[in-house]
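Engineer: Sharing a model that was predicted from the sequence below.
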Amino acid sequence: MCGIVGAIAERNITAVLVEGLKRLEYRGYDSAGLALFTNAGILERVRRAGKVAELERALQEQPLAGRLGIAHTRWATHGAPSERNAHPHFSGTELAVVHNGIIENHEELRQRLKGLGYAFASDTDTEVIVHLIDHKLKELGDLTAALKAAVAELHGAYGLAVISARQPDRLLAARSGSPLVIGLGHGENFLASDQLALRQVTDRFMYLEEGDIAEIRRDQVLIWDQAGNPVQRETVQYHEGAEAADKGEYRHFMLKEIHEQPSVVQRTLEGRLGQQQVLVDAFGPQAAELFARVRNVQIVACGTSYHAGMVARYWLEELAGVPCQVEVASEFRYRKVVVQPDTLFVTISQSGETADTLAALRNAKAFGYLASLAICNVATSSLVRESDLCLLTNAGPEIGVASTKAFTTQLVALMLLTLALGRTRGCLNADVEAGLVRELRRLPTHLGEALAMDRTVEKVAELFAEKHHTLFLGRGAQYPVAMEGALKLKEISYIHAEAYPAGELKHGPLALVDADMPVVTVAPNNELLEKLKSNLQEVRARGGELIVFADAQAGLDNGEGTHVVHVPHVIDALAPILYTVPLQLLSYYVAVLKGTDVDQPRNLAKSVTVE
Ligand code: F6R
């Protein structure tokens, strides 16, 4: 959620820190700050409420130069988004800390530290960390030893970067529940909460593991694991083009990411399809043997990824004949669950760092599931590393806070899982699989056709500019697509949107329908179409305005109060993937019309690494 950047070098690193913050700003963006060990030999900081641009402006007025520094962009948890709560936090004038995560025992530590004479200048949980390290430093006389002693007393989640004017030869890091990566340079080294922040300076990375503490010097990196033993962590060379985090010709990252869907879906499929079959080994060498034993599937995820899981339930039960349950991770993790024998535990996550999903996976390990499988976009994430099997979605970095290409690639990965499970369990007819494999190969082309609806959807968006509430309707596997459409609209345009299975309309929500409540419907040409048409009549009879995304062969046309947008034809099983595209475009254009901050909507953050 928040972003951390740090650097130790022979050159002035102010610009590196600011550029890193800009690249992380999509994660949290209510305040930003940096602290440098300046060339004058003292620690100085600049902090500002608001976006990184405010910090940049302040640095133009008050330039700072130094060769050791830490920086942070914040998404407030404890304490309002203000300058006094912005990181870095100081203890005295010689010690600075930035922190991602939440310290659960901050109140108790605060009282103890106050008793020791420390005065608090912010409302954050982070400030206890810096004073605690300072207290340990006074006792132990060495910053690394002080950090080790301090984190032993912290409960909760943290990714920490620490510098001290007393030992300016090192940048320290500690990870527990919040990711950190070291960027390796030549005669200089870097730290960040996401490698994306450091792609400007290096392509070699070392990922810290849970409980690791690192001492990063200009020419050396020392790491200790949770038990305090010195360890080596593997160096990973990152290959993808550094331009991936660029908006290119697009006005917003979200629009760019929507338009990337044909090519990223192609990447999700790459190397995973044989002539007529899904390659089960794509899930890992032991997948074939494990999948043959699966009798149930439990899917756990949050937000958009949860909606992908909801679609997959329809596929898994219908095509693979396997019972499937889907639950949001924040509920699952605190529930006493009854696990059916031979249940595959599946997590879905773009980031692979979502706190609730990770906690659910960790709890699940004690419950006796057959195995865990992560469907994830980030190869180096905690979720991937801690799961038995994984299938990467390969969507590339997603910067827009509203998830788009991550969702469609998750759906593709889940269709691959459905086919792989169906076959290995002997439930899927070979011809049906071959047909679906053929259609999956055509999917990037169909997605390109759906994107050609761009201008039409932009016009339809005008119907929403003055509205405050919207209903989204779908049936079958299109119900979760409607849920995802409603989530997109509310998060970036701030219009209240709710999704219902169309058949539920007359059990309550119909009471809300009037001329001020547009009703958006997804209507592919399937066996539920006639029932859906009756639901649409119910809306029209109450004066509700209908916006229907329909198959050209569905027999639905424009009429009074009914706006029909034709979606290219695709087989029913893949329709949830295709119908998602016009709904993404709709939210995007409504948000543009309303003038909201599309890529960084208010109150939200990418990658929710706190509970
Ligand atoms: C909505 C959105 C969120 C995420 C959710 C889970 O557009 O992006 O609802 O889907 O926070 O995040 P991941 O997939 O990273 O676990």
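Structural biologist: Thanks, I have it. Numbers count the residues shown, from 1 in each chain.
Engineer: Now Ala157: closest residue in space that isn't a chain neighbour?
Structural biologist: Nearest residue to Ala157 in three dimensions, chain neighbours excluded: Gly177, at 3.1 Å (Cβ to Cβ, 6 or more residues apart in numbering). For every residue, glycine as well, the C-beta is placed using N, CA and C.
Engineer: how close does the one you found sit to Leu160?
Structural biologist: As judged by Cβ to Cβ, to the nearest Å, Gly177 and Leu160 stand 11 Å apart.
Engineer: likewise Leu316?
Structural biologist: 41 Å.
Engineer: Likewise for Ile375?
Structural biologist: Using Cβ to Cβ, Ile375 is found at 30 Å from Leu160.
Engineer: of those two, who's got more company?
Structural biologist: Ile375 (33 against 29; other Cβ atoms under 10 Å).
Engineer: re earlier: and the residue nearest to Ala157, how many neighbours?
Structural biologist: Applying other Cβ under 10 Å, we find 21 residues neighbouring Gly177.
Engineer: contacting residues for Leu528?
Structural biologist: Contacts of Leu528 were listed using Cβ atoms under 8 Å, 6 or more residues apart in numbering, and they are 475-476.
Engineer: Now for Glu331, how many residues are close by?
Structural biologist: Count around Glu331 with other Cβ under 10 Å applied: 12.
Engineer: Asp388 touches Ala371, doesn't it?
Structural biologist: Yes. With contact defined as Cβ atoms under 8 Å, Asp388 counts as touching Ala371 (4.3 Å).
Engineer: what's the overlap in contacts for the two?
Structural biologist: Common neighbours of Asp388 and Ala371 (criterion: Cβ under 8 Å, 6+ apart): Leu290.
Engineer: got a list of contacts for the longest helix along the chain?
Structural biologist: Counting residues, the longest helix in the chain under DSSP state H turns out to be helix 430-451. Contacts to helix 430-451, defined as Cβ under 8 Å, 6+ apart, come from residues 258-259, 261-263, 265-266, 269, 273-278, 319, 408, 412, 415-416, 419, 422-423, 567-568, 570-571, 573-574, 577-578, 581-582, 585.
Engineer: Can I get the buried part of the residues you listed as one PyMOL selection?
Structural biologist: Selection of buried members from these for PyMOL, criterion 16 or more other Cβ atoms under 10 Å:
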select buried, resi 258+259+261+262+265+266+269+273+277+278+319+408+412+415+416+419+422+423+567+568+570+571+573+574+577+578+581+582+585
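Engineer: contacts with the ligand among the contacts of helix 430-451, please.
Structural biologist: Residues of the contacts of helix 430-451 in contact with the ligand (Cβ under 6 Å from any ligand atom): none.
Engineer: Which of the contacts of helix 430-451 fall in strands?
Structural biologist: The strands, defined by DSSP state E, take in Val567 from the contacts of helix 430-451.
Engineer: low-confidence ranges in the chain?
Structural biologist: Applying pLDDT under 70 to the chain flags the ranges 1, 27-28, 239-245, 610.
Engineer: which bits of it sit near the ligand?
Structural biologist: Residues of the chain lying close to the ligand (Cβ under 6 Å from any ligand atom) are 302-305, 349-351, 354, 357, 402-403, 487, 491, 607-608.
Engineer: Name the nearest of those relative to Glu104.
Structural biologist: In terms of Cβ to Cβ, no member of the residues of the chain next to the ligand lies closer to Glu104 than Val608, at 16.6 Å.
Engineer: Could you look up the SS state of that closest one?
Structural biologist: coil (DSSP: H, G, I helix; E, B strand; the rest coil).
Engineer: Would you enumerate the residues in contact with it?
Structural biologist: Here Val608 is in contact with 1, 302-303, 354-356 (Cβ under 8 Å, 6+ apart).
Engineer: what does Arg335 give?
Structural biologist: For Arg335, the contacting residues are Glu327, by Cβ under 8 Å, 6+ apart.
Engineer: What strand or helix carries Val98?
Structural biologist: Secondary-structure assignment from DSSP states H and E places Val98 in strand 95-100.
Engineer: quick one: buried residues of that strand?
Structural biologist: Within strand 95-100, the residues that count as buried by 16+ other Cβ under 10 Å are 95-100.
Engineer: Over to stretch 530-547?
Structural biologist: 532-533, 535-536, 539-540, 542, 544-547.
Engineer: and the residues you listed, which of them are in helices?
Structural biologist: Per DSSP H, the buried residues of stretch 530-547 map to helices at 532-533, 535-536, 539-540.
Engineer: Closest one of the residues you listed to the ligand?
Structural biologist: Leu532 (25.6 Å; Cβ to the nearest ligand atom).
Engineer: My read is that that closest one contacts Asn525, right?
Structural biologist: No. Assessed by Cβ under 8 Å, Leu532 is found out of contact with Asn525, at 10.3 Å.
Engineer: residue contacts, the closest residue to the ligand within the chain?
Structural biologist: Here the residue of the chain nearest the ligand is Gly303; by Cβ to the nearest ligand atom that distance is 1.9 Å. Contacts for Gly303 were tallied using Cβ under 8 Å, 6+ apart; they are 403, 487, 608.
Engineer: How about Ala552?
Structural biologist: By Cβ under 8 Å, 6+ apart, the contact list for Ala552 reads 566-569.
Engineer: Kindly recompute the last result at 6 Å.
Structural biologist: By Cβ atoms under 6 Å, 6 or more residues apart in numbering, the residues touching Ala552 are His566.
Engineer: Give me the neighbour count for the residue nearest to Asp123 when sequence neighbours are not counted.
Structural biologist: Spatial nearest neighbour of Asp123, excluding adjacent residues (Cβ to Cβ, 6+ apart): Gly79 at 3.2 Å. For Gly79, the count of nearby residues is 16 (other Cβ under 10 Å).
Engineer: Confirm for me that Gly79 is in contact with Thr126.
Structural biologist: No. Gly79 is beyond contact range of Thr126, at 8.9 Å (criterion: Cβ atoms under 6 Å).
Engineer: Please enumerate the shared neighbours of these two.
Structural biologist: With Cβ under 6 Å, 6+ apart, Gly79 and Thr126 have no common neighbours.
Engineer: how about stretch 484-498: buried residues?
Structural biologist: For stretch 484-498, by 16+ other Cβ under 10 Å, it's 484-495, 497.
Engineer: Redo these as JSON lines? Include secondary structure and distance to Leu428.
Structural biologist: Compiled in JSON lines, the buried residues of stretch 484-498 are given as follows (DSSP: H, G, I helix; E, B strand; the rest coil; distance: Cβ to Cβ, whole Å):
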{"residue": "Glu484", "secondary structure": "helix", "distance to Leu428": "26"}
{"residue": "Gly485", "secondary structure": "helix", "distance to Leu428": "29"}
{"residue": "Ala486", "secondary structure": "helix", "distance to Leu428": "32"}
{"residue": "Leu487", "secondary structure": "helix", "distance to Leu428": "31"}
{"residue": "Lys488", "secondary structure": "helix", "distance to Leu428": "32"}
{"residue": "Leu489", "secondary structure": "helix", "distance to Leu428": "35"}
{"residue": "Lys490", "secondary structure": "helix", "distance to Leu428": "37"}
{"residue": "Glu491", "secondary structure": "helix", "distance to Leu428": "36"}
{"residue": "Ile492", "secondary structure": "helix", "distance to Leu428": "38"}
{"residue": "Ser493", "secondary structure": "helix", "distance to Leu428": "40"}
{"residue": "Tyr494", "secondary structure": "coil", "distance to Leu428": "43"}
{"residue": "Ile495", "secondary structure": "coil", "distance to Leu428": "41"}
{"residue": "Ala497", "secondary structure": "strand", "distance to Leu428": "36"}
